[in-house]
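# can't give you the sequence, but here's the structure:
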């Protein structure tokens with residue numbers, strides 16, 4: 001069974017982006033259960049460990065990132081209850097990146113913490129990543145790319161080569177989970193909304209995109225944009241959504257982030 005033909009039957013091209021997303025989420029939930037997503041996330045994490053991914057062991061930084069995640073998850077839980085969120089910090093100061101795997105495992109690189117100017121920017125990125133799980137983007141993309149039977153085998157640990165390929169793509173910033181335009185736009189909207197609900201300036205996600213684009217001459221600062229390509233449309237739509245919804249939270253959290261950056265620089 002393939003995902004794309006099924007969607008072609010149930011989704012009209014005249015649907016709005018929101019209607020199409022809601023329909024795709026229903027189909028993905030039918031094809032890939034929450035338990036299967038959780039199992040697949042576990043399998044990917046095991047492969048990441050096999051690839052000698054260096055997870056940060058600094059308890060202060062881990063506690064800090066966990067605190068930011070926990071400020072966002074109550075709002076994500078309202079949109080998709082039952083996700084067992086977990087977070088991990090990857091110790092790689094030269095890589096500005098973040099990703100999420102099925103089932104709610106969030107991975108944040110130390111390079112992103114060092115590149116950000118405020119907690120609000122980090123929170124915006126984390127909210128964006130939570131959104132990929134809330135909207136079942138990973139399941140939708142995997143079934144479309146691999147087929148239902150392969151994804152089910154991956155979740156059950158019966159297809160280690162595909163799980164290894166997925167893990168390698170994630171760590172190597174590959175394109176196996178590159179999301180389409182509509183999914184990235186949707187995740188941006190969620191990310192800004194969650195940041196605002198948590199009290200942080202929702203405009204920070206757009207400003208973070210702008211900053212990374214401006215520093216494009218520095219190769220290590222292109223990682224996040226290689227998997228989440230920012231363009232004028234995305235930045236404009238984030239700001240338009242903020243204006244349309246009256247999102248007006250202002251917290252930046254500059255001092256708190258600077259303290260963590262100092263710990264990472266030691």
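On my side now, so go ahead. Computed from a prediction, not measured in an experiment: that's the story for all the values here. Residues are numbered from 1 along each chain as shown.

# Just give me the neighbour total for residue 91.
A count of neighbours around residue 91, defined by other C-beta atoms under 10 Å, yields 16. Heads up, the C-betas are built off the backbone N, CA and C, glycines and all.

# Model confidence score at it, please.
Per-residue pLDDT puts residue 91 at 96.

# repeat for residue 211
For residue 211, the model assigns a pLDDT of 86.

# Pull the residues that contact the one helix or strand it maps to.
In this structure, residue 211 sits in helix 204-214 according to DSSP states H and E. Residues outside helix 204-214 that contact it (C-beta atoms under 8 Å, 6 or more residues apart in numbering) are 96, 115-118, 120-121, 123-125, 127-128, 188, 191-192, 195, 221-222, 224-225, 230, 234-235, 238-239, 252.

# 6 Å instead?
By C-beta atoms under 6 Å, 6 or more residues apart in numbering, the residues outside helix 204-214 that reach it are 120-121, 124, 191-192, 221, 225, 230, 235, 238-239.

# Including neighbour count and pLDDT, could these go into a markdown table?
Listed next are the contacts of helix 204-214 as a markdown table, based on neighbours: other C-beta atoms under 10 Å; pLDDT from 0 to 100:
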| residue | neighbour count | pLDDT |
| --- | --- | --- |
| 120 | 28 | 98 |
| 121 | 29 | 97 |
| 124 | 30 | 97 |
| 191 | 26 | 96 |
| 192 | 28 | 97 |
| 221 | 20 | 64 |
| 225 | 17 | 77 |
| 230 | 20 | 73 |
| 235 | 19 | 90 |
| 238 | 25 | 95 |
| 239 | 16 | 95 |
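
# Tabulate the residues you listed (CSV), appending secondary structure and distance to residue 142.
CSV is the format used below for those (DSSP: H, G, I helix; E, B strand; the rest coil; distance: C-beta to C-beta, whole Å):
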residue, secondary structure, distance to residue 142
120, helix, 31
121, helix, 28
124, helix, 25
191, helix, 21
192, helix, 26
221, helix, 28
225, helix, 22
230, coil, 24
235, helix, 28
238, helix, 26
239, helix, 31
